[in-house]
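> Dropping a prediction and its sequence here:
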Amino acid sequence: MLIGQASGGHPASWLHPGANAAGSTDIDYYRGLAQLAEHGCFDLFFIADTPAARTDNLHAWSRFPMFMNMLEPVTLLTGLAGATKRIGLGATVSTSFSEPYNVARMFASLDHISGGRAAWNVVTSANDYAARNFGHATLPPHALRYERAGEFVDVVNQLWDTWDDDAFIHDRKSGLFFDPKKQHAIHHQGKFFKVDGALNIARSPQGHPVIIQAGASDTGLELAARTAEIVFASASNPQDAKRGYDDLKGRMAKYGRDPDQLKILAGIPVVIGRSQQEADDKQQALQEMIHPDVGRFRLGTDLETDLSDLPLDEPIPESRLPKSANLHKAFFDGIMKIIHEENPTLRQLYLRYERGRKTIKGTPKHIADVMEEWFTMGAADGFMMQFATLPDGLSDFVTMVVPELQRRGLFRTEYTGATLRDHLGLARPSNRHVAEEAAQ
C-alpha cells in the first residue's frame, strides 16, 4: 500500500471526520497502519516522499497539505521495523539530491534492522521546490537526471556487494572479526560519481534491498527494465495496462534479465462501501470537501494556467485555456476532453477531476472483480493500493476485500516467507564477485 499524505490519498482526506489530521508525525499512528496492513498480509508498506516543502501558492497548499509535514521516510520505516514482523518496508529517496554511499548504507541498515524487508524507490524528483533546497534554481533536464540515476543505482548495487555473505566470521580463536579476502572495495569513476572505498556494513539479509521505480517516460522505462524489481504503473484501464506491461517486460531481454525478475504493480485508488450507493456517497462527500482554492489550483496546475480569479459557477473561458501542455500531457488532455464534451462550470469540473487513475468505487465484490480482471488478463503482477482516507479505507479493505480475494484463491491467507523478496517471488541476488570467481 502507498502512503503519501498520512490521512489518505484524497486532497481533502485530512478534513474527513475519521482522519488523524496530526498523524503525519505520530509514530504510534503509523505503527497502527503498518500493523493493520500486515494483518491483511500485504507485501509492502510504502512511504512516498519529496525532500521539500512547497513555498508558494500557500493559500492552496495550506488547505491541501501534500508533503508539507512529513517524517523522513527511512527514519520512519526504521521505527516501524520493530512494530512489524513480515510486511515489507519501502520508501522514496531521490538520486538527484543524495549520494550513493549514503543511500546504500541507509537501506542496507534498514534491511538488517527489519530482517530483510527493505525496498528503495528510485526517483529523480520532479519539482523545483526540492532543487532549491539543494542550491539549484531548477531541476536539471529530464534526460540528465535519468543518466545520473542510472549511474547512481549501479554504484549502490556495487556497494551492496562490498562483502561476501560469510565475510564476518567473528572467529575468537584466530582473532579474526572478518575475512580480509572477502571484502571487495569499489573503484568507480563515472560522469557523476567517484567512489573509491567499501561499505561499512555486512551484506544484508536480502543481499540487495528491493529496487522500486515508477518512471513512465521512455528513459524511465529503460532504467526500470535494466535495474528495477518493482515498478509502480499508472494506466487507467486494463487494456492500456496490458500494453504497458508487455512493453516494459519486453525491454528486459536486452539487459540479460528474465521478465520474472520484475513485478509490475498497478496503482489502484479505491473507495469501498457495503453497497454501490454507499461507496458513491463516500466519494462524493470527499469531493465536496475540496476547498475552491484547492480546486482551482489543482486544475490550474495541470492546465498550466492561473484560474484563481475566475468565477466558480461559470465555464472556464476558451481564451484562458492553453492550446497544448508542456508538463503533464495526459492530465491536460483529460481535463480538456471533459471541457469540450460537457462544458462544465469551473466548480463542476474540479469536483469531478481526479488526477491520474480513476478511483474504483464499489462493494468488496466489485473491487475484487476489478482486481481479478486486471490480474488474470496479465495487466499487472499485483497492486499498489491507494486509499482515499486512512485509517478507515485500509480497515475496510482488510476486513472486506481481502477475505473476498482469499475466497477466490487470489491472495495469501498467511505469510510463507520472511523477507520482501520471499513475498514477491524475487530471487536473492548472489554477490557479483563470488559469481565471477565461480565462473572462472
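Yep, it's here.
> Sort out which residues of the strand or helix carrying residue 374 are buried, please.
Under DSSP states H and E, the secondary-structure element containing residue 374 is helix 364-376. When neighbours are counted by 16 or more other Cβ atoms under 10 Å, the buried residues of helix 364-376 are found to be 364, 366, 367, 368, 370, 371, 374, 375. The way it works is simple: take the backbone N, C-alpha and C, and place the C-beta from them, glycine included.
> Now do the next helix or strand after it: which elements does it pack against?
Scanning forward in sequence from helix 364-376, with DSSP H and E defining helices and strands, the next element found is strand 382-387. The elements that strand 382-387 packs onto, with contact taken as 3 or more Cβ pairs under 8 Å, 6 or more residues apart in numbering; DSSP states H and E, are strand 2-3, strand 263-272, helix 364-376.
> now these as a markdown table including mean pLDDT and distance to residue 95?
Listed next are those as a markdown table, based on pLDDT from 0 to 100; distance: least, Cβ to Cβ, whole Å:
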| stretch | mean pLDDT | distance to residue 95 |
| --- | --- | --- |
| strand 2-3 | 83 | 20 |
| strand 263-272 | 96 | 21 |
| helix 364-376 | 97 | 30 |
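> got the ones you listed as TSV, with distance to residue 352 columns?
Rendered in TSV, the data for the helices and strands packed on strand 382-387 read as follows (distance: least, Cβ to Cβ, whole Å):
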stretch	distance to residue 352
strand 2-3	23
strand 263-272	15
helix 364-376	20
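> Any idea which of these gets closest to residue 342?
When the helices and strands packed on strand 382-387 are ranked by distance to residue 342, counting by Cβ to Cβ, first place goes to strand 263-272 at 22.4 Å.
> contacting residues for residue 430?
residue 207 (Cβ atoms under 8 Å, 6 or more residues apart in numbering).
> so where does it fall, helix or strand?
Residue 430 belongs to no helix or strand, assigned by DSSP H and E.
> Tell me the confidence at it?
According to the prediction, residue 430 has pLDDT 95.
> Below-threshold pLDDT in the protein: ranges please.
Judged against pLDDT under 70, the low-scoring parts of the chain cover residues 327, 356, 440.
> measure the spatially most central residue of the chain to residue 122 for me?
Taking Cα atoms, centre = their mean, the centroid of the chain lies closest to residue 48, which sits 5.5 Å from it. To residue 122, residue 48 is 13 Å away according to Cβ to Cβ, to the nearest Å.
> for residue 378, same thing?
Note on residue 378: its distance to residue 122, by Cβ to Cβ, is 25 Å.
> just residue 189 next, same as before
When Cβ to Cβ is applied, the distance between residue 189 and residue 122 equals 21 Å.
> The two: which is more packed in?
When residue 189 and residue 122 are compared for neighbours, residue 122 comes out ahead with 24 against 8, by other Cβ atoms under 10 Å.
> what's near enough to touch residue 168?
Contacts here follow Cβ under 8 Å, 6+ apart; on that basis residue 168 touches 177, 178, 202.
> just curious, which of those is nearest to residue 62?
Looking at the contacts of residue 168 and their distance to residue 62, the nearest is residue 202, at 45.8 Å (Cβ to Cβ).
> just checking, that closest one touches residue 112?
Yes: counting by Cβ atoms under 8 Å, residue 112 is a contact partner of residue 202 at 7.5 Å.
> pull the longest helix from this structure.
Scanning the chain for the longest helix, with DSSP state H as the assignment, gives helix 142-160.
> List the buried residues of the helix or strand hosting residue 111.
If you go by DSSP H and E, residue 111 is part of helix 100-114. Residues of helix 100-114 classed as buried: 100-101, 103-114 (neighbour count, 16+ other Cβ under 10 Å).
> Make CSV from those residues and add distance to residue 243 to it.
Conversion of those to CSV gives the following (distance: Cβ to Cβ, whole Å):
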residue, distance to residue 243
100, 34
101, 39
103, 32
104, 35
105, 39
106, 36
107, 32
108, 36
109, 39
110, 35
111, 34
112, 40
113, 40
114, 36
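> I'd like the buried residues of helix 364-376 as a markdown table, with distance to residue 336 appended.
Supplementary listing: the buried residues of helix 364-376 in a markdown table, determined by distance: Cβ to Cβ, whole Å:
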| residue | distance to residue 336 |
| --- | --- |
| 364 | 35 |
| 366 | 30 |
| 367 | 30 |
| 368 | 34 |
| 370 | 27 |
| 371 | 30 |
| 374 | 27 |
| 375 | 32 |
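> what residues are up against the residue nearest to residue 4 when sequence neighbours are not counted?
When the adjacent residues along the chain are set aside, residue 4 lies closest to residue 48, with 4.3 Å between them (Cβ to Cβ, 6 or more residues apart in numbering). The neighbours of residue 48, taking Cβ under 8 Å, 6+ apart as the test, are 2, 3, 4, 92, 121.
> Now do the phi/psi pair for residue 48.
phi -80, psi 150 (degrees, to the nearest 10).
> Roughly how far does it sit from residue 21?
For residue 48, the distance to residue 21 equals 19 Å [Cβ to Cβ].
> for residue 309, same thing?
Taking Cβ to Cβ as the measure, residue 309 and residue 21 are separated by 30 Å.
> out of those two, which sits in the busier spot?
Comparing residue 309 with residue 21 by other Cβ under 10 Å, the one with more neighbours is residue 21, at 13 against 7.
> sec struct for that one, please.
Assigned state for residue 21: coil (three-state reduction, DSSP: H, G, I helix; E, B strand; the rest coil).
> residues in contact with residue 324?
By Cβ under 8 Å, 6+ apart, residue 324 lies in contact with residue 332.
> quick one: it from residue 332, how far?
Counting by Cβ to Cβ, the separation of residue 324 from residue 332 is 8 Å.
> quick one: secondary structure of residue 404?
On the basis of three-state DSSP, residue 404 is classed as helix.
> Excluding chain neighbours, give the residue nearest to it in space.
Using Cβ to Cβ, 6+ apart and skipping residues adjacent in sequence, the residue nearest residue 404 is residue 368, 4.4 Å away.
> quick one, phi psi at the residue located most distally from the centre of the chain?
Among the C-alpha atoms of the chain, the one farthest from their average position, using Cα atoms, centre = their mean, is that of residue 173, at 47.3 Å. In terms of degrees, to the nearest 10, the main-chain angles of residue 173 are phi -60, psi -50.
> Next: the one 4 residues further on.
Backbone dihedrals for residue 177, given as degrees, to the nearest 10, come out at phi -80, psi -40.
> Let me see the contact set for it.
For residue 177, the residues meeting the contact criterion (Cβ under 8 Å, 6+ apart) are 168, 169, 170, 171.
> With that, I have no additional questions.
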